[in-house]
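S.K.: What follows is a predicted protein model with its sequence.
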Amino acid sequence: MTDILDLHTHTIVSGHAYNTLYEMVRSASEKGVSLLGVTEHAPKMPGTCHPFYFINFKVVPRELYGVKLMLGCELNILDYEGTVDLSPRYCKGLDFAIASIHDPCYKSGTVSQNTAAYLGAMKNPYVQIIGHPDDGRFPVDYETLVCAAKEHHVLLEVNASSLHPQCHREGARENYISMLELCRKHQVSVIIDSDAHCEADVGNHRRAWDLIQEIAFPEELIVNASIEKAASYIPCLKQPVYTGGFSHD
């Protein structure tokens, strides 16, 4: 299966990652990644950057080492309403956004409450991807989640890092099997990402692809094969590219 993009990565700006922006893009180039997304953690994550980081993306070239670069944010879902921790003032300058639940920023509730948190985030016009909805510490109703992703035209992520044997997220493999079978049933697309916090992991989707192939999940429901497929969910990719980056109003 063709896999040319990785839209969930972090640099030293996130506080617990280990390489610079240029090092991450260079690694993507060496590995044949055509489109790289850098998504630093939003402000409620301990150790990450100030919101001002997200308003100066105009200075960063959007093509480096032959790789198209998108600059976004991994927003933290904060409550059962799906509130996120970056205001529209900053979100409107992002190329795209991932919304995720993280233990330091969210207190797990019931299945219904956790599911509602994801659904609320999906309704946010700045969110295009739900990050790693796989952690058994935050149980959800996957049928409701999948159907809502279809309704709001949001991508569900299969996060390769979650499938690492030392990952702290619980039950990711089993939860992904449940989610993917429902995506197959309802014809809902997914995106595979590395969640790389080190240049060595940029584009490393091996564990995710192993699971995809094990359950024979249909390739047509995976957007990694082309920028055009991803563009149907990420409006920025439909805009003309100019020297300074993707254009914004």
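M.R.: Everything's here; your move.
S.K.: Show me what the longest strand that the chain contains is packed up against.
M.R.: Longest strand of the chain, by residue count under DSSP state E: strand 67-76. With contacts defined as 3 or more C-beta pairs under 8 Å, 6 or more residues apart in numbering; DSSP states H and E, strand 67-76 has these neighbours: helix 21-30, strand 35-41, helix 88-91, strand 97-100, strand 245-246. For glycine as for every other residue, the C-beta is placed from the backbone atoms N, C-alpha and C.
S.K.: helices and strands around the third one, which ones?
M.R.: It refers to helix 88-91. Using 3+ C-beta pairs under 8 Å, 6+ apart, the elements in contact with helix 88-91 are strand 67-76.
S.K.: next one: the fourth one
M.R.: If you count contacts as 3+ C-beta pairs under 8 Å, 6+ apart, strand 97-100 packs onto strand 67-76, helix 111-122, strand 129-130.
S.K.: how about a cut-off of 6 Å?
M.R.: strand 67-76 (3 or more C-beta pairs under 6 Å, 6 or more residues apart in numbering; DSSP states H and E).
S.K.: contacts for the strand it packs on?
M.R.: 25, 28-29, 35-39, 41-42, 44-45, 54, 57, 62, 84-86, 94-100, 102, 105 (C-beta atoms under 6 Å, 6 or more residues apart in numbering).
S.K.: Helix or strand: which one has the closest residue in space to Gly171 that isn't next to it in sequence?
M.R.: In space, and not counting its chain neighbours, Gly171 is closest to Gly136: 3.3 Å by C-beta to C-beta, 6 or more residues apart in numbering. Using DSSP states H and E, Gly136 sits within no helix or strand.
S.K.: and Glu214, how many neighbours does it have?
M.R.: Residues lying near Glu214 (other C-beta atoms under 10 Å) number 10.
S.K.: ok, now the one 3 residues further on?
M.R.: In terms of burial, Phe217 registers 21 neighbours under the definition other C-beta under 10 Å.
S.K.: so what's it up against?
M.R.: Phe217 makes contact with Leu180 under the criterion C-beta under 6 Å, 6+ apart.
S.K.: Ok, the one 10 residues further on next?
M.R.: Shown in contact with Ile227 (C-beta under 6 Å, 6+ apart): 35, 237.
S.K.: In this structure, mark out all the helices, start to finish.
M.R.: Ranges of helices in the chain, per DSSP state H, are 21-30, 88-91, 111-122, 142-152, 172-186, 206-214, 227-231.
S.K.: what's next to the second one, contact-wise?
M.R.: Outside helix 88-91, the residues within contact range by C-beta under 6 Å, 6+ apart are 51, 54, 126.
S.K.: Which positions in it come out as buried?
M.R.: 90-91 (16 or more other C-beta atoms under 10 Å).
S.K.: Restrict that helix to CA atoms and write it as PDB.
M.R.: Output in PDB follows, covering the C-alpha atoms of helix 88-91 (Å, rounded to 0.1, in the frame of the first residue of the first chain):
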ATOM      1  CA  PRO A  88      -9.900  30.700  17.600                       C
ATOM      2  CA  ARG A  89      -7.500  33.600  17.400                       C
ATOM      3  CA  TYR A  90      -4.700  31.000  17.200                       C
ATOM      4  CA  CYS A  91      -6.500  28.100  15.600                       C
END
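S.K.: all numbers from here: first residue = 23
M.R.: From this message on, residue numbering opens at 23, which makes the last subject helix 110-113.
S.K.: Off-centre distance for that helix?
M.R.: Its chain's C-alpha centre and that of helix 110-113 lie 18 Å apart, by C-alpha atoms, centre = their mean, to the nearest Å.
S.K.: Thanks a lot, catch you later.
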